[in-house]
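In: I'd like to go over a predicted model; first the sequence, then the structure.
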Amino acid sequence: MTAGVRRPHGGAESTGELPHPILPAAVIADFLRAVKVPGTTFSTLQIFADALERDGVELVREVVRKSTGTEVASLLNDAHKLKSADIALIFTVLEKIILTVASEMEGQESFALELSEVLITKQLRTFYYMLKTTNKSNQMKSAFKLLIAMCALGGRTVKLLLTQFSFATCNFANLVTRRNTVDPQDVRACAVHLVVAILMFGDNQSIWSLLQTKNVISSLFAGLIVDRSQLIHLLLTTLLDRVVNNSTVSKTLKVQLFNQTSLRQLCRVLAWNGHKKSEKEFTDEDASATSSLEERSGIRDTVLRFLMAVCASTKYGIVFQDPTFGTGARNSNHVLTEILRSLTMTSAHHRELARVILIAAPDQIVHFLPSWKPGFVPRASDKWTDMMGWLDSIYTSMDVIGRVKKLPGKSRVPLALSLVLPTIMDQELQQEAFSEKQPVHVTTTFLKFLGGVLVRLYKISLVLSLEERKQFLVACSEKVVLPEVVAGSLLKLLSVPDGSPGRVTEVDVRAVTGYLVLDSNIFQRDLPVLISEAADLAPVLAEVVDSVRTELTAVLEQFKTSVSDGSGDFGMEVDVSDAVLLERQKKAESKWLRTSTLSLLLRVTESNPGLLSVSLMDTLMSAYTATLSEADQSIFDLIRRAEQWNPELAASVSFCYFGRAAQKHQLNRAKQGISLLPSQPTLREFVDSLDGGLIARTAVDFPIRLPLNGSLVGQLIIEDAYDPRYVACQ
């Protein structure tokens, strides 16, 4: 075959007249002669290429019927004597033939497979020649498009191509930098499409072979920041489906592919604002955007979804579980550490990516979060408020209970501590939130975060053994800010005159007192005297105590349910002996919470007896068991205080009913609409409400001398004996 002058479109000579239409039969005959008879001019091939645009299926069907794939491939037998433009024409014809057979001619795939195998095994040197950077773009594109067409034939051709074709020989890493801003199908786009075709049509073995080839996929990441949106979507969605979510691709291979350099380049794409000629023209300023806001938002969502799948999944991504939660000598996720350090907390997309990474890999809280410590220093700033909300969302979303359950027994306490409060939240930083210069909302925002910390550590303590729990709570109490510091901050805020900008609101008072009551209940330490003896805070304090008690009781009930059926957040799976131990622990917790709450209520009503009401006294009588336990003694003192300070109140309450009898009496009164004037139980009703065993133990343990006046709380405690001061009076 020899090169010659091509005829204009349509095949007619350039005589100034309109070209005469050429019949498909003549076109086919000329093409087959060009295939089988050397020396045919390229004008014949050009005519055939033009005819393919009009009658492609019919022409290709005749070619398949009258020739073989090997014969058609012979068009390139003398390729070393041809010009690049002539080879490009042959590549274009072969591409159209292969695609037509693959898409329109079911049952004739063997022809296209034979043609492709001959091209791959005998003409790769021609492909390398056409992919030289000294050639024109359309010539390089013709080679890529023919390779893509062959990949579309399926796994057999893809596998053969990967075993024969050398990406290094064709200088693939340089080809992906060849751009054209006015051509959507430029050289770089064709190179990306080739990689995508291999991933889409190849089997898992072919995907593995491609990933093992150096500088192929990784060379595509550098230029994504200035690519067209369609190309970015195509590449990342294909990689997500065929590589990231592919369980046959090992995590080691994924780490090699998605290394620090690749992930940094992908993170940059979050700032994409349109396609450009080169990376030198990129700037993250909105003024330089060459795309719509909707288009930019779509790209950021795609990139963020891809990065989350890679960096925040232990199953499919590159996250390795660290059993020490970052407290060990070795960083199991050093790639993630470097990526996190490259992110900026001023970017909402970077913060979201960092958030999901830290949830999936909590060990990075130790390795990475200190680099962002300046952003958590308390101050009157919207950015600081956002950062505190961001940090709280990490711990709220983290499965701390599940992680603690999987910890080895001997090291659970120090490791559990790392899941409660980040090391950056040291005492110095916490106290800064309560300094005199801080406005109210800064203090309350920080207290909201610390309140979440207390609830979280309380949940963790429930899944630890009794000895571990004691050590854990002691260690945690030393990490959180002292309650006296918090109380001092509240009194400082209360001293601000009414009408001043910094005046504290009732919501703020509840936030501070709620935290202090929570601290007191969990760590079993007294409320600061400044709070417990403040008359102005008594009404709020009483309501907060009830709210905190309800919250902690709900946690205990959830824990109990989890122990019995393995459901809920705790998801406990324990044997019978453990269940008994945990039930005892739960009862001890409930008893301590009841005693502490009543003791606090006793102190509060001492300074403000007006808090005593009929509904409160009804509640107390329902909870009263008439024993010498510390809790019942507090209720007895409250009853006596009500009689002394408010005779009208005492006359409206049936003090002779207690426990279940009181509950039944109050229910009947509510249903029947009886007057608030109390009714007295009969002797039989009162005796029936007593427990025979307790009466016997009371007779044995009854003290020789027992003062009828004055409080016994803290002096004489007998859990399983009736209080004769109450029983005898009835």
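Out: Everything's here; your move. Numbers count the residues shown, from 1 in each chain.
In: Now the element after the least confident helix or strand in the chain by mean pLDDT, going C-ward?
Out: None of the helices or strands of the chain scores lower by mean pLDDT, DSSP states H and E than helix 576-607, at a mean of 59. Under the assignment DSSP states H and E, the closest C-terminal helix or strand after helix 576-607 is helix 614-623.
In: Now do that following helix: which elements does it pack against?
Out: helix 630-645, helix 660-672 (3 or more CB pairs under 8 Å, 6 or more residues apart in numbering; DSSP states H and E). Any C-beta I mention is one placed from the backbone N, CA and C, and that applies to glycine too.
In: Return the most buried member of those helices.
Out: Of all those, helix 630-645 has the most neighbours on average by mean count of other CB atoms under 10 Å, namely a mean of 20.
In: quick check: angle from that one to helix 614-623?
Out: 150 degrees (axes from the mean of the first three to the mean of the last three CA atoms, to 10 degrees).
In: Which strands and helices lie in contact with whichever helix or strand comes after helix 630-645?
Out: Going down the chain from helix 630-645, the next helix or strand is helix 647-651, by DSSP H and E. When contacts are defined as 3+ CB pairs under 8 Å, 6+ apart, helix 647-651 sits against helix 630-645.
In: by contact count, what packs against the helix it packs on?
Out: Checked by 3+ CB pairs under 8 Å, 6+ apart, helix 630-645 has helix 576-607, helix 614-623, helix 647-651 packed alongside it.
In: Output the helices and strands packed on helix 614-623 as a markdown table; include the columns distance to R156 and mean pLDDT.
Out: Formatted as a markdown table, those follow (distance: least, CB to CB, whole Å; pLDDT from 0 to 100):
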| stretch | distance to R156 | mean pLDDT |
| --- | --- | --- |
| helix 630-645 | 80 | 78 |
| helix 660-672 | 79 | 71 |
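In: With distance to N204 as new columns, can these be given to me in TSV?
Out: Output for those, formatted as TSV (distance: least, CB to CB, whole Å):
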stretch	distance to N204
helix 630-645	66
helix 660-672	67
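In: S547 is nearest to which of those helices?
Out: helix 630-645 (19.1 Å; CB to CB).
In: distance between the closest one and the chain's centre?
Out: Centre-to-centre, helix 630-645 and its host chain are 51 Å apart (CA atoms, centre = their mean, to the nearest Å).
In: and what of stretch 646-660?
Out: Counting by CA atoms, centre = their mean, stretch 646-660 comes out at 54 Å from the chain centroid.
In: Next, count neighbours for the residue nearest to L462 when sequence neighbours are not counted.
Out: Distances taken as CB to CB, 6 or more residues apart in numbering place F559 nearest to L462, at 4.9 Å, with adjacent residues excluded. Neighbour count for F559, taken as other CB atoms under 10 Å: 23.
In: which secondary structure element contains F559?
Out: Following DSSP H and E, one finds F559 within helix 538-565.
In: what packs against that helix?
Out: helix 440-462, helix 506-523, helix 576-607.
In: Report pLDDT for the residue nearest to L462.
Out: For F559, the model assigns a pLDDT of 71.
In: which outside residues touch stretch 413-428?
Out: 324-327, 362, 365-366, 369-370, 372-373, 376, 391, 395, 398, 400, 403-404, 407, 453, 456-457, 460, 464, 468, 471-472, 475-476, 479-481 (CB atoms under 8 Å, 6 or more residues apart in numbering).
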